[in-house]
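Enquirer: sequence-free structure coming up:
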């Protein structure tokens, strides 16, 4: 009786693992197909020109960030 129970358990395990493997394979294939379709159909991304600097590259913002980090490292609290 125990051998049939172990056999049933092994069969159930193989069916479960096979189902997960097939599902993941289909998921990867569909994601690859969608990625290829979007890459083919979507317009190319617009690249910003070098003269368009984001606000995070503003010298005043950088100075404020550096000052805040230094204040934090010293353990102080601003007034």
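Expert: Sure, I can see it. In this text the structure is predicted, and so the values were computed from the model without any measurement. Residues are numbered from 1 along each chain as shown.
Enquirer: lowest-confidence helix or strand of this protein?
Expert: Scoring the helices and strands of the chain by mean pLDDT, DSSP states H and E places helix 59-74 at the bottom, with a mean of 89.
Enquirer: how far is it from where the chain is centred?
Expert: 30 Å (CA atoms, centre = their mean, to the nearest Å).
Enquirer: Output the contacting helices and strands for it.
Expert: Using 3 or more CB pairs under 8 Å, 6 or more residues apart in numbering; DSSP states H and E as the contact test, no helix or strand touches helix 59-74. (Each C-beta comes from the backbone N, C-alpha and C, glycine too.)
Enquirer: Pick out the residue nearest the middle of the protein.
Expert: By CA atoms, centre = their mean, the chain has its centre lying nearest to residue 31, at 14.1 Å.
Enquirer: avg pLDDT for the helix or strand where that one lies?
Expert: Taking DSSP states H and E as the definition, residue 31 sits inside helix 2-41. Throughout helix 2-41, pLDDT has a mean value of 94.
Enquirer: Now it: buried residues?
Expert: Across helix 2-41, burial judged by 16 or more other CB atoms under 10 Å covers no residue at all.
Enquirer: other SSEs contacting it?
Expert: Looks like helix 2-41 contacts no helix or strand (3+ CB pairs under 8 Å, 6+ apart).
Enquirer: Dihedrals phi and psi, residue 44?
Expert: Phi and psi for residue 44, reported as degrees, to the nearest 10, are phi -60, psi 150.
Enquirer: no wait, residue 75
Expert: Residue 75 adopts backbone torsions of phi 80, psi 10, taken as degrees, to the nearest 10.
Enquirer: gap between the residue nearest to the centre of the chain and residue 58?
Expert: Look at residue 31 and residue 58: by CB to CB, to the nearest Å, they are 39 Å apart.
Enquirer: Likewise for residue 68?
Expert: 15 Å.
Enquirer: Likewise for residue 45?
Expert: 24 Å.
Enquirer: ditto for residue 20
Expert: For residue 20 relative to residue 58 (CB to CB), the value is 50 Å.
Enquirer: With residue 66 instead?
Expert: 13 Å.
Enquirer: Residue 9 too?
Expert: Counting by CB to CB - residue 9 and residue 58 are separated by 64 Å.
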